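In: Sequence and predicted structure are below.
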Amino acid sequence: MPIRETFWNIPQWAETAQYVLGFITAVVFVYGIVRRVMRWRQGQPDKRFDHIGARLRTLFTQAILQLRVASEAYAGVMHLAIFWGIIALLIGTALATLDWDVTHLFFGFQFLKDGFYIGYELTLDIFGLLLMIGLGMAIYRRFILRPKRLQNPWPTLTRDDAYVLGMLTLIAITGYLVEGLRIAVTQPSWANWSPVGNAIAALFIATGDPTNRILHLSLWSFHILIAFTLLASLPFTKLFHIAAVPTNIFFHSLTPAGTLSAPRSADSVGVKAWKEFTWKQILDFESCTRCGRCQDVCPAYASTQILSPRNMMIKLETHIWEKANGRQLHSDVITADELWGCTTCRACSEVCPAFIDHLSSFVDMRRYLVAEGQVDAQLQKALANLGRYGNSFGQSERMRAKWTQPITSKIKDARREAVEYLWFVGDYASYSPTLTEITSKTAQVFQKAGLDFGILYDGERNAGNDVRRVGEEGLFETLVEKNVSVLGKCSYKKIVTTDPHSYNTVKNEYPRSETSEVLHYTELLDQLIASGQLKFNKRLGYKVTYHDPCYLGRYNGVYDAPRRVIEATGCELVEMPRHGDRAFCCGAGGGRIWMKEAEVKERPSEARVREAVSLDGVNTLVTACPKDITMFRDAVKTTGNEERLAVKDLIELVYAAL
Amino acid sequence: MNIVVLAKLVPDLVEELTIDANGNALDSSFARLIINEFDDHAIEQGILLKERGGGSVTIIAPDAEGADDVLFTAAAKGADRLIKIKGDFSNVNNHALARAFAKVVSGIKPDLVLTGVQAHNDLDGALGPLLAELLEMPYIGYVSAVSINGDKVLIKKEYPGGLLAEMDVQLPAILGIQAAEEPPRYVAVSKVRQAMKTSSIEEQDASNLDPCGGSAIGRMFQPEASSHATMITGSPDEVAEKLVGVFKELGIV
């Protein structure tokens, strides 16, 4: 009768030693976990216990099903194989313990017998194989393929990586060997149900007893020893991610991606030393598994290599464990160049399988730099202009609506008459001389659609999206106050914006009462086309590609509306390899457009233009953000693609198709 | 070290300037004011000196729209004392301004007075020298570096053609700052707001503003387009003939 004979060939002393070792392991493990949690608790408070249901759902899809991990083929298969392999073997071990140490010991019966035991053996054998395949893939990738994103800034991390992979592999191999030796000696009739174990047994049958028994006991002891060692060291190695990542996923922010947390101190000075981070931000650092997906999608890394979101997490994690050695968070650990390099495109957080919110920490550190006046001359000028004139161009607010002058039918002043749509035009669309033609076309399209709309004329100020992300919270508040006070005096039903950056902050960060409904103009056009209010007379027939602006796509999930509008104009849309939530930032966001550009081989905007040019037959790059137009028109010139690629705003297609 | 910095506001050239109805001054009702850029450098230099060698910095500004902002911003940078001179300073000349400043400054007994070397509405840079005369202190203008050395300051003075001179000046003295050693720093809005809460502006009356000694403006106007050059084209013979015609017309030949 098939039954599990636990501790076959294991003398009493070894069995006792195993329990003692298990107890020591548990003590070290608990100490390691407590030590980590104590460190998180040195951070600032942050309420993350709301919406338990939603949090549990994400925990299930992302920590158990690991959908985000699985979104990459190789790494996904690799990680899921290791994960499920270990989970199955853990359950197997738990069942064996239950069978032997509970039901057998106290109640005198075993459930690991007959058909159930045979199924148990077969399942574990297969999952063990799965684990071996996953580990093989991991070893091959880490040590043979050696992708750039897995390269570590210092060697202790590389040792940590090797330790974890080596130990897991040893546990799996010794586990199979122990099983094989047991089968070789006992040769049970159900051995065929352990295909891998049986195959190994075949190698040892010739060796015979007592060699096999001695080998079995030695390998069993070794297997137990390394298994407990790995378990005890879990909280001290990268394996800690097994605990940290699900915790981080559970506590991840449920507010919209476009809502940045306000500074925690009343004087908005941001984070100077690590204990000023929240416990959740510290948990972010601790959750990083160094997988490097963020680095692969980071436009700042791609162009300058000054910053890698992965390395910043690694450095921050290391820093919080440093003994007091005088190293300062700013400059010693994280440099100002790294912080200013970020375009806040959010590509990193979008792909992070651990749900790390990189930007919240980056902006908190930028806030400190701003409070200390550590900003470059160009950014200082832009901020001073924004403070003084409400726009980064340093022009009088009286010039804000100058672009309306050539338009024959006057645009309503929303401050004087009630309108249905209040059009928040934004700085770039209002002041940039190269963009006012596009802005004027937007007005004309609105007029032709018979829209009841108005603008704020000189009452509008920069919405403050990028001011906030630069870290100038006080200025952001000032701009919001001014805009809100003007909006409060207007009568309107909906706000429509040209700039996705304005859209994001007005929609997600302005006081609710002032922002009943906020639309991006692409969403409005989509609605007007669907309702038949906007009709086209022409089908353009261009072959175009579309660049998703970060603050429209990744931040607010508006991917389909602009695509439907493009289709409605009769254009054929060809997607770039990186589109939708993987769209590659133009490099202007987060205030980068105001800062001095670093000397680089290829700017993000140039890489993006080349990506568009490489598409077969595409001669137009369409986008829906004034900053994108500025960046890409420039990049088309600097890459010598003026003949091959036209950069157009979506509204230009709409205007041409009317 | 008791440092005093004088800061005045000037019309912001971002706005179009208009001449008032009398035709001899700017229409101040339309002008938006901004701190004189050179005075901003003087403030920065004052703060740098304090940071390096201690002491206190007092900022004095004549009353105007935006003067409070200028003073609080300076406080956020590190100024200790803020004084606003009350009075109608729209369209006053340098003589009146110097007298108003002199009265307040002499009450403070400073070791060092810093002011912008000039302003876009005072390209002569007369304010510093006039003040020096009234306070009986030495004056040096076009200063781009200052270090305090006992009862003297060692300064760098700029000359045309990129030349620099170093010289000692006995304190107390007045310096006209061309550029601070570091560009004026950025102060976060939150810091300015904090300064508004923690510091206060003292007000002193200018009593009467005496413009005596200054020149009077007869007429202020936008540059008037002069007549354009006429291009003479054609073959050499034609050009010569036309040229002779012009000479005749002008009565030269």
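Out: Nice, I can see it.

In: so where's the longest helix in chain B?
Out: helix B:37-53 (DSSP state H).

In: Remind me what that one packs against, helices and strands.
Out: Counting contacts by 3 or more CB pairs under 8 Å, 6 or more residues apart in numbering or on different chains; DSSP states H and E, helix B:37-53 is packed against strand B:2-6, strand B:56-62, helix B:67-77, strand B:112-116, strand B:139-149, strand B:173-177. C-beta here means a position set from N, CA and C on the backbone, and glycine is covered the same way.

In: Show me the contact partners of that helix.
Out: Defining contact as CB atoms under 8 Å, 6 or more residues apart in numbering or on different chains, one finds that helix B:37-53 is touched by B:1, B:3, B:5-8, B:55-57, B:59, B:74, B:77-79, B:112, B:114-120, B:146-148, B:176-185.

In: Chain A is nearest to which of the helices and strands packed on helix B:37-53?
Out: helix B:67-77 (8.4 Å; CB to the nearest CB).

In: and A:D634, what does it touch?
Out: Applying CB under 8 Å, 6+ apart to A:D634 gives the contacts A:S605.

In: what's it sitting at in phi/psi?
Out: When read as degrees, to the nearest 10, the backbone of A:D634 gives phi -70, psi -50.

In: give me every residue that touches whatever residue of the stretch 451-600 of chain A ends up closest to chain B.
Out: Here the residue of the stretch 451-600 of chain A nearest chain B is A:G474; by CB to the nearest CB that distance is 3.1 Å. A:G474 makes contact with A:268, B:188-193, according to CB under 8 Å, 6+ apart.

In: For those residues, work out which two are farthest apart.
Out: Within the contacts of A:G474, A:S268 and B:V192 form the most distant pair, 11.4 Å apart (CB to CB).

In: Which strand or helix spans the residue of the stretch 101-250 of chain A found nearest chain B?
Out: Distance from chain B to each residue of the stretch 101-250 of chain A (CB to the nearest CB) is smallest for A:N248, at 30.3 Å. Assessed by DSSP states H and E, A:N248 sits inside helix A:241-250.

In: Okay, buried residues for the longest helix of chain B please.
Out: B:38-50 (16 or more other CB atoms under 10 Å in any protein chain shown).

In: Kindly export that helix (C-alpha atoms) in PDB.
Out: The C-alpha coordinates for helix B:37-53 follow below in PDB (Å, rounded to 0.1, in the frame of the first residue of the first chain):
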ATOM      1  CA  GLU B  37      18.300  93.900 -11.200                       C
ATOM      2  CA  PHE B  38      21.500  95.400  -9.900                       C
ATOM      3  CA  ASP B  39      19.800  95.900  -6.500                       C
ATOM      4  CA  ASP B  40      18.900  92.200  -6.500                       C
ATOM      5  CA  HIS B  41      22.700  91.600  -6.900                       C
ATOM      6  CA  ALA B  42      23.400  94.000  -4.100                       C
ATOM      7  CA  ILE B  43      21.000  92.100  -1.800                       C
ATOM      8  CA  GLU B  44      22.700  88.800  -2.800                       C
ATOM      9  CA  GLN B  45      26.200  90.300  -2.100                       C
ATOM     10  CA  GLY B  46      25.000  91.500   1.300                       C
ATOM     11  CA  ILE B  47      23.600  88.100   2.200                       C
ATOM     12  CA  LEU B  48      26.800  86.400   1.000                       C
ATOM     13  CA  LEU B  49      28.900  88.700   3.200                       C
ATOM     14  CA  LYS B  50      26.700  87.900   6.200                       C
ATOM     15  CA  GLU B  51      26.900  84.200   5.500                       C
ATOM     16  CA  ARG B  52      30.700  84.400   5.300                       C
ATOM     17  CA  GLY B  53      31.500  86.700   8.200                       C
END
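
In: Averaged pLDDT, it. What do you get?
Out: Across helix B:37-53, pLDDT averages out at 97.

In: Just want the angle from that helix to strand B:2-6.
Out: 170 degrees (axes from the mean of the first three to the mean of the last three CA atoms, to 10 degrees).

In: the inter-axis angle of helix B:37-53 versus strand B:139-149?
Out: Using the same axes, to 10 degrees: helix B:37-53 against strand B:139-149 is 20 degrees.

In: In the chain, where is pLDDT below threshold?
Out: Here I'm looking at chain A. A:266-268, A:513-515 (pLDDT under 70).

In: wrong one, chain B
Out: For chain B (pLDDT under 70), the answer is none.

In: hmm, back to that, elements contacting the helix holding A:N248?
Out: Judged by 3+ CB pairs under 8 Å, 6+ apart, helix A:241-250 is in contact with helix A:12-40, helix A:52-58, helix A:279-287.

In: Can you pull the phi/psi pair for the closest residue to B:A119 other than its chain neighbours?
Out: Leaving aside its sequence neighbours, B:A119 sits nearest to B:N36 (CB to CB, 6 or more residues apart in numbering or on different chains; 4.2 Å). The phi/psi pair for B:N36 (degrees, to the nearest 10) reads phi -60, psi 120.

In: for the closest residue to A:T404 other than its chain neighbours, what are its contacts?
Out: Closest residue to A:T404 apart from its sequence neighbours, by CB to CB, 6+ apart: A:I411 at 5.4 Å. Contact analysis of A:I411 by CB under 8 Å, 6+ apart lists A:401, A:404, A:443, A:453-455.

In: and if we set it to 7 Å?
Out: Neighbour list for A:I411: A:404, A:443, A:454-455 [criterion: CB atoms under 7 Å, 6 or more residues apart in numbering or on different chains].

In: What segments of chain B are helices?
Out: Using DSSP H, helices in chain B cover B:37-53, B:67-77, B:94-108, B:127-135, B:189-198, B:236-249.

In: Format those helices as JSON lines; extra columns: distance to A:G426.
Out: Formatted as JSON lines, the helices of chain B follow (distance: least, CB to CB, whole Å):
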{"stretch": "helix B:37-53", "distance to A:G426": "29"}
{"stretch": "helix B:67-77", "distance to A:G426": "26"}
{"stretch": "helix B:94-108", "distance to A:G426": "41"}
{"stretch": "helix B:127-135", "distance to A:G426": "42"}
{"stretch": "helix B:189-198", "distance to A:G426": "21"}
{"stretch": "helix B:236-249", "distance to A:G426": "56"}
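
In: Go through these and name the closest to A:G557.
Out: Closest among the helices of chain B, once you apply CB to CB, is helix B:189-198, at 31.6 Å.

In: Please identify the most buried of the helices and strands packed on helix A:241-250.
Out: Neighbour counts (mean count of other CB atoms under 10 Å in any protein chain shown) averaged over each of the helices and strands packed on helix A:241-250 peak at helix A:279-287, with a mean of 24.

In: just checking, next helix/strand downstream of that one?
Out: Elements were assigned by DSSP H and E; along the chain past helix A:279-287, the next helix or strand is helix A:293-297.

In: Filter the contacts of helix B:37-53 down to the buried ones, ChimeraX style.
Out: Entered in ChimeraX, the line below selects the buried ones among these, by 16+ other CB under 10 Å:
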select /B:1,3,5,6,7,8,55,56,57,59,74,77,78,79,112,114,115,116,117,118,119,146,148,176,177,178,179,180,181,184,185
